[in-house]
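Q: below are the sequence and a predicted model for it; my questions follow.
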Amino acid sequence: MKKHTILIVDTQQDVVNSLAGVLKEEGYYTLTASGGREALEKLKRNTVDIIISNGAMRELSTKELLGKVGRTYSHSRIILAGQEEASRKQLADDENEIYWFVASPWERNHLLFTVRNAIKYADLLSKNEALLETVSVLAAKDISLDDKLQKFLTISLEQINAERGSIMLRDKQDDLVVKAATNKKIIGEKRCLKNEESVSVWVVKNGKHLFVERCKEDSRFKPSEVDLYKTDNFLCVPIRNERNATIGVFNVTDKKEGGLFTGADEKTLSAFISRIVILIENAQLKEELEEEKSRLKRRNKDLLALEQMREDLVNMIVHDLKNPLGEIMANLDLLGYGDIGGQDRECLDTAIQGSESLLRMILNLLDVRRLEDGKLRLHYEEFNVNDVIGDAVEKHKTLIKQKEIELKMVIDETVSTWIADRSLIERVLINLLSNAIGYSHRGGEIVIASGFNEEGKQLKIEVKDNGKGIAKKFHRKIFNKFSQVDDDHSKRKNSTGLGLAFCMLAIEAHQGKIWVESEEGKGSRFIFLLPLGSTNNLS
């Protein structure tokens, strides 16, 4: 079985590595490139089945890339990764093209499902191209297959000096169907390979030619059929493809001048049949390809509609939750001003903490979507780093107290102020701190540290816990939307899997970087680097 080759083009090396790892596990060869020019060199030296690209190569577009290596755009078999590429769907339809959209960040099962569909399409298309080249003379655009078969039937009968004949091909239901005949009234008639007994069925099942000298004495001929013939002899030759499978039969009868069919006639007819086998298979593959393209287009359209429906439903639910949640939080806040103490105060604080946690989930869900779409505008302002860290800690004081966690802040006073979107950075810290508390054991320790990264001239903030840690295989996955760590060492289900996804998108929106350093059993340290915003961006 052919092992397919996939070229991965992306500027983000971690994306390239993760894609290549998954595809190699599935048995594919992978080539990688960080941009259009490098991809061009790979394509010149290698035969590639599929290109997976983020569609945003700086030096060359995908269409230009394929053009430079002499491959037409209609034969590209490209999987486009990235939300922005969905806007090109109409262009794909206009060009009679198939695009496969894999939303970023991608999900393994969806990716592999899409790749398999693209491979199937690529294989069909590749085979169709080879067949078209082989039969270019016969594949006239202005003549249908049935018309070609009808003309071929006439020519063949003349060569063996026969008056009547028919060409029958197997269909998808595995029946023999008359596709061309001198008696045009029988075109479209079928013979069931499973149930019927006829000479045509016998030839298909045995794959051998058959001479019948006396049709009237052969039980496989119906009296009504024999009455149609002028003479009593019959020749049926199998139509075999290049894999030696019988795909149909060529029937002839009524040798002119009352003669009998001979072995020479069979050889002549077989030679003529060999000329149309590729034409027949090409037409069948083309039909299959068109059906597959139509199915994939419908599937792609359905997936896009389903994705839109899901997003609309999520947005509706989120917006419907915000109002009643706001009322709950406002009333809880009013209760907090009352004379409440002891266990009642503890219950009230827990309710407030839970409401704030739910609000964060809702805001994360809304802002993750807006960040992905590029619709969330950053509001730059100068702020005190120590104050932002302190505000994030204050929002978790109840939970920190309940879990008896010791929290330490190590603040570098040399970098006391910074310019960025204060609200987003505070929420990043809130999410990281919430994550650290959730994975810390009772009586654990959390350290929040700030400093200055001399190499990149960036603000550096760390949130470190001494919990169970995270296996290395999950270090990238945990930043994916709706993704959670779920193994024998850490199972926590009270999360939407959006907190870290929001953190990554928010930091990357600032042109920063976020990552985790962790080992199982040794806790985790989340670090992000934040470049200094320009004073021109101050709102």
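A: Ah, there it is.
Q: and residue 465, how many residues sit next to it?
A: Residue 465 sits with 26 neighbouring residues when counted by other Cβ atoms under 10 Å. C-beta here means a position set from N, CA and C on the backbone, and glycine is covered the same way.
Q: typed the wrong thing, it's residue 38
A: Burial of residue 38, expressed as a neighbour count using other Cβ under 10 Å, amounts to 15.
Q: grab the nearest non-local neighbour of it.
A: Nearest residue to residue 38, sequence neighbours excluded (Cβ to Cβ, 6 or more residues apart in numbering): residue 9, at 7.9 Å.
Q: next, residue 183: phi, psi?
A: phi -90, psi 100 (degrees, to the nearest 10).
Q: mind checking how far it is from residue 162?
A: Remark: distance between residue 183 and residue 162 (Cβ to Cβ, to the nearest Å) = 13 Å.
Q: ok, the two, which is more surrounded?
A: Under the neighbour definition other Cβ under 10 Å, residue 183 and residue 162 were set side by side, and residue 162 has more, 22 against 11.
Q: how about the contacts made by that one?
A: For residue 162, the contacting residues are 235, 252-256, 261, 265, by Cβ atoms under 8 Å, 6 or more residues apart in numbering.
Q: and what of residue 4?
A: Going by Cβ under 8 Å, 6+ apart, residue 4 touches 28-29, 49-50, 119, 122.
Q: if you set the cut-off to 7 Å instead, what comes out?
A: When contacts are counted by Cβ atoms under 7 Å, 6 or more residues apart in numbering, residue 4 is found next to 28-29, 49, 119.
Q: over to residue 417?
A: When contacts are counted by Cβ under 7 Å, 6+ apart, residue 417 touches 382-385.
Q: residue nearest the centroid of the chain?
A: In the chain, the centroid-proximal residue (Cα atoms, centre = their mean) is residue 114; its distance is 3.1 Å.
Q: residue 102 is in contact with that one, correct?
A: Yes. Taking contact to mean Cβ atoms under 7 Å, the distance of 5.5 Å between residue 114 and residue 102 places them in contact.
Q: what ranges do the helices span in the stretch 101-250 of the chain?
A: With DSSP state H, counting those that start in this stretch applied, the stretch 101-250 of the chain shows helices at 108-134, 145-159, 199-206, 223-226, listed in chain order.
Q: what of the stretch 301-450 of the chain?
A: Secondary structure of the stretch 301-450 of the chain (DSSP H, counting those that start in this stretch): helices located at 342-372, 385-394, 397-402, 422-439.
Q: may I ask which helix or strand of this structure has the lowest mean pLDDT?
A: For the chain, the helix or strand with the lowest mean confidence is helix 89-94, at a mean of 43 (criterion: mean pLDDT, DSSP states H and E).
Q: compare the contacts of residue 417 and tell me which is most surrounded.
A: Of all the contacts of residue 417, residue 385 has the most neighbours under the rule other Cβ under 10 Å, reaching 22 neighbours.
Q: pretty sure residue 118 contacts residue 50?
A: Yes. Between residue 118 and residue 50 a contact is recorded at 5.2 Å, counting by Cβ under 7 Å.
Q: which intervals of the stretch 101-250 of the chain have sub-threshold pLDDT?
A: Under the criterion of pLDDT under 70, the regions of the stretch 101-250 of the chain flagged as low confidence span 123-141, 216-232.
Q: how close does the residue nearest to residue 38 get to residue 27?
A: Note on residue 9: its distance to residue 27, by Cβ to Cβ, is 21 Å.
Q: neighbour count winner among the two?
A: For residue 9 versus residue 27, the count of surrounding residues by other Cβ under 10 Å is larger for residue 9: 28 against 9.
Q: bridging residues for the more buried one?
A: In this structure, residue 9 has beta-bridge partners residue 33, residue 53, where bridges are defined by DSSP bridges.
Q: test my guess that it contacts residue 51.
A: Yes. Here residue 9 lies in contact with residue 51, judged by Cβ under 7 Å, at a distance of 6.4 Å.
Q: wait, is residue 452 part of a strand?
A: Yes. The assignment for residue 452 is a strand, going by DSSP: H, G, I helix; E, B strand; the rest coil.
Q: OK, contacts around it?
A: If you count contacts by Cβ under 7 Å, 6+ apart, then residue 452 has 412, 414-415, 459-460 around it.
Q: mind giving me the PyMOL command for buried ones among those residues?
A: Remark: buried members of these, expressed as a PyMOL selection using 16 or more other Cβ atoms under 10 Å:
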select buried, resi 415+459+460
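Q: list just the nearest of the contacts of residue 452 to residue 195.
A: residue 460 (77.7 Å; Cβ to Cβ).
Q: okay, and the beta partners of that closest one?
A: On the basis of DSSP bridges, residue 460 takes part in beta bridges with residue 451, residue 529.
Q: my read: it touches residue 451, true?
A: Yes. At 4.9 Å, residue 460 counts as touching residue 451 under the criterion of Cβ under 7 Å.
Q: for residue 283, which non-adjacent residue is spatially closest?
A: In this structure, residue 283 finds its nearest non-sequential neighbour in residue 145, 4.2 Å apart by Cβ to Cβ, 6+ apart.
Q: what distance do you get for that neighbour to residue 177?
A: When residue 145 is compared with residue 177 (using Cβ to Cβ), they lie 12 Å apart.
Q: cool, and residue 248?
A: Here residue 248 is placed at a distance of 9 Å from residue 177 (Cβ to Cβ).
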